[in-house]
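[1] requesting a structural model of the entry that follows:
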Amino acid sequence: MVRAEFFNRDLSWLSFNERVLQEAGNAEVPLLERIKFLSIYSSNLDEFYRVRMPVLLALAKLSKKEKNHVSIPENLLTDANQLIHRQQQEYGRILKHHIIPDLHQNKINFIYGVPIPEILHEEIGNYFASTVLAFLQPIDLKKARSSFFPLNNQLYFLVNLVQDGEERTFLLNIPTPELPRFYKIVHENETFVVFIDDIIYHNLQLLFKGSIINGCFSFKITRNAEIDLKDEYTGDLAKQIEKQLQKRDFGLATRFLHQPGIPEDTMQLLVDKFNLQHANLVEGGRYHNLKDLITFPVGDQKLSNADWPKLDYPKWADGQSLHEQILQKDIIIHPPYHAYNSVLRFFNEAANDPTVHEIYITLYRVASDSKIVNALISAAKNGKKVFVLVELKARFDEANNIKWAKKMKQAGVEISYSVTALKVHAKIALVKRKIADRTIYTGLLATGNFNEATANFYTDHILMTGHKEMLREMELLFMFLSKRVKPTDPELIKFNCLLVAQFNLQPVFIELIRKEVAAAKKGKPAAILIKLNNLEEKVLITELYKAAAAGVKIDLIIRGICRLVPGVEGLSENIRVTRIVDRYLEHGRIFVFHQQGKDALYLGSADWMNRNIYRRIEVCFPVLDEDIKKEILAILKLQLADNVKAVTIDRQMNNIPLKIKGERVQSQEEIYRYLRRKND
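    Reported below is the predicted structural model:
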């Protein structure tokens, strides 16, 4: 076999974001949906600067010897910056030359980079004086306390002015946390959308009365989020990178994004005042935080996606509980095509069923107004034992998770937090009933979080089952998790049905891959189909390379990071990598191994990344019901046939659109139709 090759994970992630940007520029996508894709791209890029750029900046300071030790590309930081710059240029082109003109054709005037029309001056003046002015807090930079810190990703103006004959520089907040980013005005059958930034800029003279304003420039500072280098590097190298990070002050600034034209002396004042010596100083446009486009205040059905009413499944059965339906036959739902009602019903029934004695669940990202958590609180108040493992280190959701954990604890819920060095990313729930002298188990196993908000736009799969062996293994796992210890001897707990990271997940996947290799070597049909969010972990990728070299046909549907390089002669000729970006975020993890036509099929929470395989508790589970197995295989078949929203990834990491031959297949639309037919 040819020596294994691997894409860089960060450049691969930027390649995924480029695919998002392609949808924003796709004229076939409804106009308001294209604006949403611009928002998603911007949000993703902000996260990249918070999570990944600190690592790239630290890596750039390592010696060549240290970089070569782990095959870090020599020009990684430069390559990433160049790729981002190219994408940003394309972003601006799409917005200015396509989105804004198309809005104008539909009598929607998006005021972007031009003066506010005179016909709007009176209304925006009133809005500024009556509403915006209450939230403005100008700070004289030369007099500001040394401890003042611009907030992460918060928008500011830098205002240079002359006041009483003295040159002064003010920092002025743009209050988007408190007020909408956009202000809508309807005037003579036309809609105008104005940035709050421009409303403030237009009225600066009211704020700084008697001053001469010499310049006003927008900016924001992006700071790093917590990163765990052990996810990627080990030993001395991790320590070296950590040393680089520790040289930075608290709240490492990774990017200072600013409007062009800031005078050199003013820029130096900012760098010194806010310790930006190690940040990327990036000259951008006039407006930042364009992720706020997700709140663009125009609704027009003809400029939006066609409505797909959610499917109610399983159907309501008078006099029969969902619990009884599950015991008769396994049930699977596929949000967001299916409504989330049955999941809510599962917990609501458990909270109020007198035969229920115990409820167990893992919570990773909790909805801000979680109905599931309210059901758990009711269950505890109704005298049931409720055990909840809350992951406090779910990035960017820590505060919300802590809030709900406190509320549950006050209600009598037994709360456990994962240990510092081990995240629990599994999505599982178990209910135990006592009926006569029998204990009856029902459970949920999912590919995505128990979160009714994200269920509206994440494609996931949730299995409802009464399978005794599987659920008893789940109970065993909850007993282990309640001890809040890292697994030191995986052999102490045996899982036969479930695949659990830290225990048997990676070894079983390797064994399943090798069985396909054995079949291929005997000249028998052999195939693997895997769908993931991210594919990074080298051991499993290497096993896929070996399988492909042995003749196993491999299809991969990878939404985001993909370190596997397809199409390399003698290594990965038999591997095709597909990426799908459409109205919903592809989030389900599915694993299919041919096994002489028997199709061993697993679902689960685990991507094939270092953190998922080595540093988290993840759960994958077999699909044993033949009808459900056929349903999932049908969904995968539609995704592999997609020639509208799918692209293939080539050896250079490019997103290559598929040529449409014959019938157009847009997989998400076809999946909805397929499930609707089944539901009728």
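[2] can you give me the helices in the stretch 1-150 of the chain?
    9-24, 31-51, 53-59, 64-69, 76-94, 100-105, 121-130 (DSSP state H, counting those that start in this stretch).
[3] ok, residue 505 to residue 130 distance?
    58 Å (Cβ to Cβ, to the nearest Å). The way it works is simple: take the backbone N, C-alpha and C, and place the C-beta from them, glycine included.
[4] the two: which is more packed in?
    Per other Cβ atoms under 10 Å, whichever of residue 505 and residue 130 has more neighbours is residue 505, with 24 against 9.
[5] backbone dihedrals for that one, please?
    In terms of degrees, to the nearest 10, the main-chain angles of residue 505 are phi -60, psi -60.
[6] so what's it up against?
    Contacts here follow Cβ atoms under 8 Å, 6 or more residues apart in numbering; on that basis residue 505 touches 499, 606, 613, 618, 620.
[7] OK, contacts around the closest residue to residue 565 other than its chain neighbours?
    Excluding its sequence neighbours, the residue lying closest to residue 565 (Cβ to Cβ, 6 or more residues apart in numbering) is residue 5, at 4.3 Å. Each residue near residue 5 by Cβ under 8 Å, 6+ apart is listed here: 565, 568, 571.
[8] can you list these in JSON lines and add neighbour count?
    JSON lines is the format used below for the contacts of residue 5 (neighbours: other Cβ atoms under 10 Å):
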{"residue": "565", "neighbour count": "22"}
{"residue": "568", "neighbour count": "18"}
{"residue": "571", "neighbour count": "20"}
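[9] so which of these comes closest to residue 425?
    residue 565 (26.7 Å; Cβ to Cβ).
[10] surely the closest one touches residue 6?
    Yes: using Cβ atoms under 8 Å, residue 565 is in contact with residue 6, at 6.7 Å.
[11] follow-up on the earlier one: residue 655: which of the contacts of residue 5 is nearest?
    Nearest to residue 655 among the contacts of residue 5, counting by Cβ to Cβ, is residue 565 at 14.7 Å.
[12] ok, so what distance separates the closest one from residue 12?
    Residue 565 sits 10 Å away from residue 12 when distances are taken as Cβ to Cβ.
[13] again, but for residue 442
    In this view, residue 442 and residue 12 are 40 Å apart by Cβ to Cβ.
[14] looking at the contacts of residue 5, which are in helices?
    Using DSSP state H, no member of those falls in helices.
[15] could you pull out the strands in the stretch 551-680 of the chain for me?
    Taking DSSP state E, counting those that start in this stretch as the test, the strands found in the stretch 551-680 of the chain are 553-558, 575-580, 585-586, 589-593, 600-604, 616-617, 619-622, 646-649, 655-657.
[16] neighbours around residue 12, how many?
    Neighbour number of residue 12 under other Cβ under 10 Å is 22.
[17] so what's the nearest residue to it once chain neighbours are set aside up against?
    Of all residues beyond its chain neighbours, the one nearest residue 12 is residue 561 (4.8 Å), with distances taken as Cβ to Cβ, 6+ apart. Contacts for residue 561 (Cβ under 8 Å, 6+ apart) come out as 9, 12, 13, 16, 533, 534, 535, 536, 609.
[18] of the residues you listed, which is the most crowded?
    Counting by other Cβ under 10 Å, top hit in those: residue 536 with 27 neighbours.
[19] just checking, that residue touches residue 9?
    Yes: because the distance of 5.5 Å satisfies Cβ under 8 Å, residue 536 is recorded as touching residue 9.
[20] spit out the residues that contact those two alike.
    561, 563.
[21] any idea how far the residue nearest to residue 565 lies from residue 551?
    In this view, residue 5 and residue 551 are 19 Å apart by Cβ to Cβ.
[22] and if you look at residue 409?
    Distance of residue 409 to residue 551, computed by Cβ to Cβ: 55 Å.
[23] many thanks, have a good one.
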